[in-house]
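In: Give me coordinates for this.
(2 chains)
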2 protein chains.
Amino acid sequence: MPGPIHGPIRTSVGPGTKGRDRLEANRQRPATGPTPREVSRTVADAINWIIPIAGIAAVLFALYLARDVLARDKGPQAMQDVAGTIFEGAVAFIKRQYITIGILAILGAAIVGAVIAIVEGPDVADTSVYGTELGMRTAFAFLVGAACSMLSGIIGMYISVRSNGRTAAAAQHSLVGAVQTAMRGGAVSGFLVVALSLLGVWGIFALFGGLDTAGCTDADALTACSTAQAPFLIVGFGFGASFVALFAQLGGGIYTKAADVGSDLVGKVEAGIPEDDPRNAGVIADLVGDNVGDCAGRGADLFESTAAENIGAMILGVAAYGIASANGWPNPTAWIFFPLVVRAFGLLATIVAMYFVRGREDEDPMHILNRGYWATTILSAIGLAVVSYVMMETAAGVGANGIPSWVWFFLAGLVGLATSIAFVYITQYYTAGNWRPVKEIAEASKTGPATNIISGTAVGFETTFVTAITIGIALMVSHWLGEQAGLVNDAGHNVGGIFGTAVATMGMLMTTAYILAMDTFGPITDNAGGIAEFSQAEGGAREITDKLDAVGNTTKALTKGYAIASASLAAFLLFSAYIDKVNLILARQIEAGTRTLEEGLMTAVNLADVSVFVAAFIAAMLVYFFSSLAIRAVGKAAQAIIVEVRRQFREMPGIMDYTQRPDYARVVDITTRAALKEMIAPGVVAIATPVVVGLLLGYEAVAGLLMVGTIAGVLLATFLNNSGGAWDNAKKYIESGQLKDAAGAVLGKRTDAHAAAVVGDTVGDPFKDTAGPSLHVLVKLLATVTLVLAPLFIR
Amino acid sequence: MPGPIHGPIRTSVGPGTKGRDRLEANRQRPATGPTPREVSRTVADAINWIIPIAGIAAVLFALYLARDVLARDKGPQAMQDVAGTIFEGAVAFIKRQYITIGILAILGAAIVGAVIAIVEGPDVADTSVYGTELGMRTAFAFLVGAACSMLSGIIGMYISVRSNGRTAAAAQHSLVGAVQTAMRGGAVSGFLVVALSLLGVWGIFALFGGLDTAGCTDADALTACSTAQAPFLIVGFGFGASFVALFAQLGGGIYTKAADVGSDLVGKVEAGIPEDDPRNAGVIADLVGDNVGDCAGRGADLFESTAAENIGAMILGVAAYGIASANGWPNPTAWIFFPLVVRAFGLLATIVAMYFVRGREDEDPMHILNRGYWATTILSAIGLAVVSYVMMETAAGVGANGIPSWVWFFLAGLVGLATSIAFVYITQYYTAGNWRPVKEIAEASKTGPATNIISGTAVGFETTFVTAITIGIALMVSHWLGEQAGLVNDAGHNVGGIFGTAVATMGMLMTTAYILAMDTFGPITDNAGGIAEFSQAEGGAREITDKLDAVGNTTKALTKGYAIASASLAAFLLFSAYIDKVNLILARQIEAGTRTLEEGLMTAVNLADVSVFVAAFIAAMLVYFFSSLAIRAVGKAAQAIIVEVRRQFREMPGIMDYTQRPDYARVVDITTRAALKEMIAPGVVAIATPVVVGLLLGYEAVAGLLMVGTIAGVLLATFLNNSGGAWDNAKKYIESGQLKDAAGAVLGKRTDAHAAAVVGDTVGDPFKDTAGPSLHVLVKLLATVTLVLAPLFIR
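Out: Numbering: from 1, shown residues only, chains lettered A, B, ... in the order given. Now for the predicted structure:
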């Protein structure tokens, strides 16, 4: 029977409880709880150093891969020219985009710092650091998070637009060579994103005293334990990362689809020239856009996922630390380091797994990539077992059925890895051409665009089913496993459940670098195809790049499924961290006498409370409204391109007979400016909503907003991503000649069915590349905003 | 500062609290609370009799209107023929549909009765009636609810398909005459639905002892007070009504759009004949469909809203009764009768308001209808003031600032009426051609179907903003007003807040009969236009029916906005009733010793609990999955029509040269069968999900499912309804010649822009007429299922 409410996640650990009788009584009670077994304390301590080692190793490995890719053949001059133009455009975009985001981030940091400095006085501070000092630290952490995210985006994209031409060149000779070039180019981005996020979190944690475990001997003296204090001081890092991710994804998503839709409309529809014709100045913007949206955008998205997950898990780790410490277990701070160490092992596993990305020339390229993915997963699982054993044997005891705690948490981590695999295959089923959903949409195209859209919508809606069930099972099972681990605090609350879901999230995110490498593989091969086409490359280059492009479409879709699943798990962990943080502040206020004991802690997020319900309603609305703004922004930015290309056609008559080169850079610049302008409105709405709701309705309502916003955002994004992916592949299915009419004749390109499928594909573009991915970020942003600004909502 | 949780809505009233010390102490404490002022007890008692009087008056008035309509000119023979064919089709549908639903309802009643009989033994029963007796009563109430809903649907639709030809005939001579014919025909349906729902709830309440107030003298003896027991016994009525509504709306919605899409595809696209050509046997099915979906479907939807709202409010009234009774106020049972009396006054107000439906020949017909609507609203407000004063002056005391309780609740009711008005205008803004959203979609049609769809989606998403904000404000304000009324129980909990939202819901639903009349006006005028076209009517008939049809489109859209808003308010009230019911059962179990006092009551629906969170996730998914099934069902049923019409074209060669009459009845029959078959899957999913979640995750998780399901359902329905309505009117905007190209030339019918708008319109059809309206019912069904089956979820 479920109890009516579960108690606060932590009531006994915190600055406010020092010396309380309750804790004293607990200390004196006989140790009936589990006791940890023996592992060398030296080993357990030493393992923490794997964090910077793995981070630096990954950076070095990324540099090695970058050197390897850059040393490869650049292909004939024609290819180099096109690649060069794309490179110029990408650099122009990066420059302007990151200057804008940089300014916004400095502004954001200043505001956040000032708010924290004013609000979080000694009475509400949850640590020994407060006021101006805390404001400055938070602002600093915010900036470091923002800078790391930006840096990884910039370098990753730089390599990505250097790999595209080389992939096209390799495709002239070898499929495996092309796969390796593209995958290594993508891996540079993947490793840098994950490594910088790991090093960033660890660095700021170290800077704020997290490595100083000297004072961590007394469960009651939380303020004396630097390691247990530091997680609360670094939440600004997560906020900074979310902040950059939001604008990177929004700006990139708007840019890529505006370029796509705008150049199509002005070239194909208006001027009547073919789709990728070099006379259309918008085409280069379109090729640039692929990198901007999928590479830089998704990189920022997953940078944030990993950073926020780490910080949230470390905050939850503080609760576990309290229990371990109260029980006198030898290595209590292991709980706080654990999330970082798990991720470090994930990075190491991925480095090794890169050597499994090899295969035969006649092999399906997807198999080659899958080989590496499975290697990453299996090595990660082994790494997880090692870390769990080494760290938890000294920091925990024995759980249910006499099975050690570490086994239970290791199993929870496996649930996360399994969820990752499940999403990879679920997304394939719904968005690849081999199965029922895409075929159904292709069939519906026979009766026109309307039935194509209706069918795609039905499929998109349907995909929420298996998504929700899978996430639900992952949460329930990992929570249950965690509960078996026997982490019960002195108030009788089992905090293992929440930590179980946290470990599942860690398990899921161990493979992030590999997933990101596969994702960036997408735009690189897409570009390679465009370059081969543009430069009329010889040999079977185009054939090979077409194959890789199809695989790239699948890997891009997979990454979105992975991102959305990890966002839901991370969000659950983050709002548990939010509740922990609020309760620390409330406990402090009770101690300080500014709050009565009767008002108490937050013991539930009660949906039956009208404020919470209304906040939940607003949260579910927010995801629609935000998507509406994002989708509309694409239309507005596309309009800017249309006007400019029209002008070029009019004022530069030589373009049409190839005597004049269109001004590619200008279109790129105009698209960039339009996209950056249009990203402001949805960005501001996303950040302002939780703050306004928090100020008006209070901290419990914000928790409701967070949770229902997560649910609604994950499901809407699932619909948008998957319907978009399915429409895209229904078009490709028809183009590949697999659709037949009643008489058995092929309905391929230039049929009405194909035209109908093109409509679906176009509708899906802003769904899957602008609104959907931006929603992933929104979900996590809600969590980091509220985590940082929690004191603002407590009155 | 919001407290961390609000306490249970009622802890002190219930069988489990009898004779507790706490209550005793309360009794002895000096009466510091508010005391009611004097109103003649006779008047206060007598006012209850207005319930059957108003119900019967409304039925008689509906009969009078029906006679009036039926006595009107049927028009020339050609018109009568077409109208006759539609009539036949409608009767064929009704017959088969209601036989199917009837069988399902008997099955449903048997299962529900059996489950209750087994589960609700003496230890979990919340009343003195339990076991087999309670099971039989619940099954009986279920059947009465189902029967009343079906009866009102059948009669209403019967009159509606009798009014269409007469409206066409009247349109030959007079606009006002046509408006009156259509509006009176619609009003028959409106009055019958509301009156049967009122009489049904009252009748079953009376039958189960609700009128026997003799034992209602002691606050502690809840079981002795028949009136306070009865609301819990009649929840089956609400479930029966939801059950019928779900299948009526699903079946009707699938039928109408399958007929629409199917006959278009096979006639216009395949055979190349015009849209409403009589040679196409599917056309009559299409005209029948308008009645089936909008008239019968929406009637069942609002029948359920009013019934469920009444029952839920009466359950909440029991809590207020407890307070009034404990305070010794003279007329405590008034709280339980209040919801019924308010609705009775609403009916009377609407009867009077029908006489305001008159105007000039050259007037915009919408103004004529609006006049009646405003009359209904103003008269309802006056009625509400009278009822509040008379009933609450003897049943409550004085609230905040010395203002009597009745004033606070009256104001809460006004909030409901205002919300109703707000939704009428919000829906107009987003779906009528005069404002920005529809114009934006029409503009986007210039660049093809893809941009039309993208723009419509953006508009549809956007409409959730104002919907959520309006509902949020209505809930917060009415809750706040209710809190000021001073209804505090002995445990210190203010139950007035929830009752305030209940009164707002009552206020909103006072105008239901009028809104429904306007809704049914839609299909009648739509049909009248079809009949005028079919029969080549003389004079300005077609011109007038076109005008009325446009107004009908607006009124149909308004009703959906109204239905969705009332569904959200009603749901909030219903899950408060659910919490009350669960706590009564828990209290009983504690008393019986099968549950410990420590396990306690349900004091919160805690989203931070993993079971509740997962249930909420499933709920939000359910609305997508259900919509996917409903949308897909339209496609499948349309396929059945296509096959049949193809067969007729092939086997009856005389059809094409008008020498053979197509077999209209067969198409209607086939469509009916297909629609009824396809409604089963989504219907079962809707009913099974809350039951399965309840069995697996328990009663608190179900509450989470209920609340988040409501939020998600309301918002998805808002998107589906409004995008569909806006696409529809964007097409009409273009057809009316208001869209111009850059050079100022009109882009009307037979342009690419129009073709693009037709795609949007077709996509919107299953959104706004199948999935959206079915979601309204789903939301309320979740509430009634769980209210009835609550004991099943308590372990």
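In: Any stretches of chain A with poor pLDDT?
Out: Chain A contains residues with pLDDT under 70 at A:1-42, A:44, A:121-129, A:218-222, A:538-539.
In: What is the longest helix of it by residue count?
Out: helix A:541-592 (DSSP state H).
In: so how far is that helix from its chain's centroid?
Out: Distance of helix A:541-592 from its chain centroid, counting by C-alpha atoms, centre = their mean, to the nearest Å, is 4 Å.
In: Now do the next helix or strand along the chain from that helix against helix B:541-592, angle only.
Out: Moving toward the C-terminus from helix A:541-592, the next helix or strand (DSSP states H and E) is helix A:610-651. Interaxial angle of helix A:610-651 relative to helix B:541-592 (axes from the mean of the first three to the mean of the last three C-alpha atoms, to 10 degrees): 140 degrees.
In: And what about A:I273, helix, strand or coil?
Out: When classified by DSSP: H, G, I helix; E, B strand; the rest coil, A:I273 comes out as coil.
In: for it, phi and psi?
Out: phi -100, psi 160 (degrees, to the nearest 10).
In: ok, which residues in the stretch 651-795 of chain A are in contact with chain B?
Out: A:697-701, A:703-704, A:707-708, A:711-712, A:714-715, A:719, A:758-759, A:762-763, A:766, A:795 (C-beta under 8 Å from any C-beta of the partner chain). In short, each C-beta sits where N, CA and C put it, glycine included.
In: Now with 6 Å, please.
Out: Proximity of the stretch 651-795 of chain A to chain B, by C-beta under 6 Å from any C-beta of the partner chain, involves residues A:G698, A:E700, A:M707, A:I711, A:A712, A:L715, A:V759, A:T762, A:V763, A:R795.
In: Pull the contacting residues for the nearest residue to A:A54 once chain neighbours are set aside.
Out: Distances taken as C-beta to C-beta, 6 or more residues apart in numbering or on different chains place A:A344 nearest to A:A54, at 3.6 Å, with adjacent residues excluded. Counting by C-beta atoms under 6 Å, 6 or more residues apart in numbering or on different chains, A:A344 makes contact with A:I50, A:I51, A:A54.
In: so the last one makes contact with A:T350?
Out: Same thing as A:A54. No - judged on C-beta atoms under 6 Å, A:A54 makes no contact with A:T350 at a distance of 9.9 Å.
In: so how many other residues sit close to the residue nearest to A:V261 when sequence neighbours are not counted?
Out: Among residues not flanking A:V261 along the chain, A:A638 sits closest, at 4.6 Å (C-beta to C-beta, 6+ apart). The number of residues packed near A:A638 is 28, by other C-beta atoms under 10 Å in any protein chain shown.
In: Starting from A:R646, give me the distance back to A:A638.
Out: 12 Å (C-beta to C-beta, to the nearest Å).
In: One more: A:V115?
Out: 46 Å.
In: So what does A:G89 look like in phi/psi?
Out: phi -60, psi -40.
In: For it, give me its contacts.
Out: A:I284, A:V288, A:V668 are the contacts of A:G89 under C-beta under 6 Å, 6+ apart.
In: Hmm, A:I655 and A:P662 touching each other?
Out: Yes - contact between A:P662 and A:I655 holds when scored by C-beta under 6 Å: they sit 5.2 Å apart.
In: Report the secondary structure state of A:E88.
Out: Under three-state DSSP, A:E88 comes out as helix.
In: What is the neighbour count of it?
Out: Residues near A:E88, counting by other C-beta under 10 Å: 16.
In: Now it. Nearest residue, chain neighbours left out?
Out: That would be A:A665: by C-beta to C-beta, 6+ apart, it lies 6.3 Å from A:E88.
In: same deal with A:M506?
Out: Leaving aside its chain neighbours, A:M506 sits nearest to A:V342 (4.5 Å; criterion: C-beta to C-beta, 6+ apart).
In: Let me know the distance separating the one you found from chain B.
Out: Note on A:V342: its distance to chain B, by C-beta to the nearest C-beta, to the nearest Å, is 21 Å.
In: Dump the C-alpha coordinates for stretch A:270-280 into PDB.
Out: In PDB, the C-alpha atoms belonging to stretch A:270-280 read as follows (Å, rounded to 0.1, in the frame of the first residue of the first chain):
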ATOM      1  CA  GLU A 270       9.600  31.100 -57.100                       C
ATOM      2  CA  ALA A 271      12.600  31.000 -59.500                       C
ATOM      3  CA  GLY A 272      12.000  27.500 -60.700                       C
ATOM      4  CA  ILE A 273      15.600  26.300 -60.300                       C
ATOM      5  CA  PRO A 274      16.500  22.900 -58.800                       C
ATOM      6  CA  GLU A 275      16.700  22.300 -55.100                       C
ATOM      7  CA  ASP A 276      20.400  22.500 -54.400                       C
ATOM      8  CA  ASP A 277      21.300  24.800 -57.300                       C
ATOM      9  CA  PRO A 278      24.500  26.800 -56.600                       C
ATOM     10  CA  ARG A 279      22.800  29.900 -58.100                       C
ATOM     11  CA  ASN A 280      20.600  30.100 -55.100                       C
END
